[in-house]
Structure formats: C-alpha cells, structure tokens
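A.B. asks: missing the sequence, but the structure's below:
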C-alpha cells in the first residue's frame, strides 16, 4: 500500500511541473481577451485585460485591474481589486483577504467570501493553550470541551458500527509506527498533488469539485483514524484493567486515549504538532485497514 501511494505521488509530482510549464501565462495583459479559465499554482495571477472564464490561484494572490467574466478564487493568497476592476461572478478567498486598492465592492457582481480573518482568529485561539493563558478564557475552554465531547461521540459511534476495522487500525499502530506515519504522509501528499493535477487539467469548477471530494475523503480517513489512535493510546494505559472494570474494553480505551491526547493538544507550540502527528498516524492506519478490508470481512 505504501509503495502504491509513493508511486502515485511520484507520478503526479512529475506531471504537475510539466503541466504548469505548458499552461498559459499567469498574466492577462491590458487589451488582451483570453477565453477559458486561468489556473496557476505557486504563483500569482494578474488580469489587466479581459478573461472570459474563472481565475484560480493556489498558493498565490490574484490582482484584477481588468474584467473577469466568472469567479475569482484564491487559496493561500489575497485578491486585490484595482481601480477599474470588474468581476462578474463571485470572489472567494481561503487563507487570505480581499483588498480594494482603488476598486470598490460594487466591482463584484456576485458575493465576496473571505475566511482569512476568521480562519486566522480560530487558529490563534486553538494554538494557544488555555492552561497558560491569564486569565483563562471560559468560552475557549467550553469550546475545547465541546470538541472533545464530539470526538468521543464520533469515536464511540465508529466502535459501535465497525468494531473490527477500528480495532484492526488501532492494532496496526504499535507494530509499525513509523511505517503507518509514512503511509499517512504519503496519502496526504498524494491528495495534495492529485488536487493540483485536477485543478490544472480540468475546468476550474470541476477541478474544485473533485478537490473538495478528495478533501472530504481525507477528512473521513482522519476522523476514523484518530478514533483508532485514541484506542491505541488508551490500550497502552489500560492494559492491566480487569474484565468488569470501568477501564476494560475499547470504549474505555478510546475515552482515556482521547483525554490524554486532548490534554497534550493544549500545550503551547507542541500541542498542534502532537495533533498533526496523530492525524498522520490516523490517516495511515485508515489506509492500512482499507488495504486489508478483505481480511476483516466476517466469514459466513
């Protein structure tokens, strides 16, 4: 499984630079009329003339001084609307801001959607340990406890619906921790590269749709895998529990593991790193279980 993922990542990694080299330039100059969409990766896009499609920038900003007949989308960058800019569709910015440098809100025919400031605010809060804050924010603590309760509910539901796969995923972690982490990292990298590939070769909206689907699958793998990580950690702590004890069994192990990892996630600086490593392990464990799904089917 790990070899397949690494092979896929290598193929897409080789393909993306070639496609990026072959695509049209990232600048629509004044007086130029360009048909179709403009998709750029790792750099900015500039529209000074007229673009009859959608602009998508991944890892770069978009500056519009001319006209875009459809949407303007930036992931990991800003959208700057200069004086005389016109966007007839929507403006969507993820991880950045929308700036009106001489332009105005009326220059956008559709909606302006930016999650940059909100995302930054949540990231700042969630990466700061409330245990180290003075004074402690009751609202932040309540939010964290709610998240932990949701993780517990989802984990218990997964144990109820699929005890064998969760148990198998948890069992794969202590045996080959480094391998599982490598598989998880390869899965994330492959998803990123495939997304970049699709954004280049497909129309903008279709590429975004398939990218959203990949992200949804990756998130589902993370949720399932983290439940397995919680169980694996809890098993190590409760391995001496006797039958009939409150700490006996995988549901108790899941609760204990979640509590320990939840406390660790509150540590400043190290907390997000701990959760990121746990997420990679979880995704890797999910991929391992998927590759062994035939072994886990009950025999009739």
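C.D. replies: Sure, I can see it. Just so you know, these numbers come straight off a predicted model, no measurement behind them.

A.B. asks: and residue 51, what is it in contact with?
C.D. replies: 28, 34, 38, 66-69 (CB atoms under 8 Å, 6 or more residues apart in numbering). All C-beta atoms are positioned from the backbone trio N, CA, C, and that covers glycine.

A.B. asks: now do 6 Å
C.D. replies: 28, 34, 38, 68 (CB atoms under 6 Å, 6 or more residues apart in numbering).

A.B. asks: In this model residue 35 seems to touch the first one, though I could be wrong.
C.D. replies: No. Here residue 28 lies out of contact with residue 35, judged by CB atoms under 6 Å, at a distance of 10.7 Å.

A.B. asks: And these two? Which one has more around it.
C.D. replies: residue 28 (25 against 9; other CB atoms under 10 Å).

A.B. asks: contacting residues around the more buried one?
C.D. replies: Residue 28 touches 34, 47, 49, 51, counting by CB under 6 Å, 6+ apart.

A.B. asks: try residue 77
C.D. replies: Taking CB under 6 Å, 6+ apart as the criterion, residue 77 is in contact with 57, 60-61, 96.

A.B. asks: Tell me which two in the contacts of residue 28 are the farthest apart.
C.D. replies: 34 and 47 (8.5 Å; CB to CB).

A.B. asks: Which of the two has more residues huddled nearby?
C.D. replies: residue 47 (27 against 17).

A.B. asks: May I have the beta-bridge partners of that one?
C.D. replies: residue 28, residue 64 (DSSP bridges).

A.B. asks: Return the set of buried residues in the regular element (helix or strand) spanning residue 197.
C.D. replies: Here residue 197, judged by DSSP states H and E, is contained in helix 177-201. Across helix 177-201, burial judged by 16 or more other CB atoms under 10 Å covers 180-200.

A.B. asks: Including pLDDT, secondary structure and distance to residue 272, could the contacts of residue 77 go into TSV?
C.D. replies: TSV is the format used below for those (pLDDT from 0 to 100; DSSP: H, G, I helix; E, B strand; the rest coil; distance: CB to CB, whole Å):
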residue	pLDDT	secondary structure	distance to residue 272
57	87	strand	26
60	87	coil	25
61	91	coil	26
96	80	coil	21
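
A.B. asks: mind putting the residues you listed in CSV, neighbour count included?
C.D. replies: Shown next, in CSV, are the contacts of residue 77 (neighbours: other CB atoms under 10 Å):
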residue, neighbour count
57, 29
60, 19
61, 19
96, 23
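
A.B. asks: Identify, from the residues you listed, the entry nearest to residue 209.
C.D. replies: residue 57 (17.6 Å).

A.B. asks: Provide a list of residues in contact with the closest one.
C.D. replies: 40, 45, 74, 77.

A.B. asks: what do you get if the cut-off is 8 Å, keeping everything else the same?
C.D. replies: So residue 57 contacts 39-40, 43-45, 73-75, 77 (CB under 8 Å, 6+ apart).

A.B. asks: Among the contacts of residue 51, which one lies nearest to residue 231?
C.D. replies: residue 38 (46.8 Å).

A.B. asks: Just the contacts of residue 28: which are in strands?
C.D. replies: 34, 47, 51 (DSSP state E).

A.B. asks: what separates the second one from residue 292, distance-wise?
C.D. replies: Computed with CB to CB, to the nearest Å, the distance linking residue 47 and residue 292 is 49 Å.

A.B. asks: for the last one, same thing?
C.D. replies: Residue 51 sits 48 Å away from residue 292, taking CB to CB as the criterion.

A.B. asks: contacting residues for the residue nearest to the spatial centre of the chain?
C.D. replies: Per CA atoms, centre = their mean, the C-alpha nearest to the average position across the chain is that of residue 215, at 5.9 Å. Applying CB under 8 Å, 6+ apart to residue 215 gives the contacts 191, 195.

A.B. asks: Check what pLDDT it gets.
C.D. replies: According to the prediction, residue 215 has pLDDT 80.

A.B. asks: which SS class is it?
C.D. replies: helix (DSSP: H, G, I helix; E, B strand; the rest coil).

A.B. asks: quick one, strands of this structure?
C.D. replies: 27-28, 33-34, 38-41, 45-47, 50-51, 55-58, 62-64, 67-68, 72-75, 79-82, 86-87, 91-94, 98-101, 112-114.

A.B. asks: can you tell me which of these the model trusts least?
C.D. replies: Looking at the strands of the chain, the bottom one is strand 112-114 with a mean of 75.
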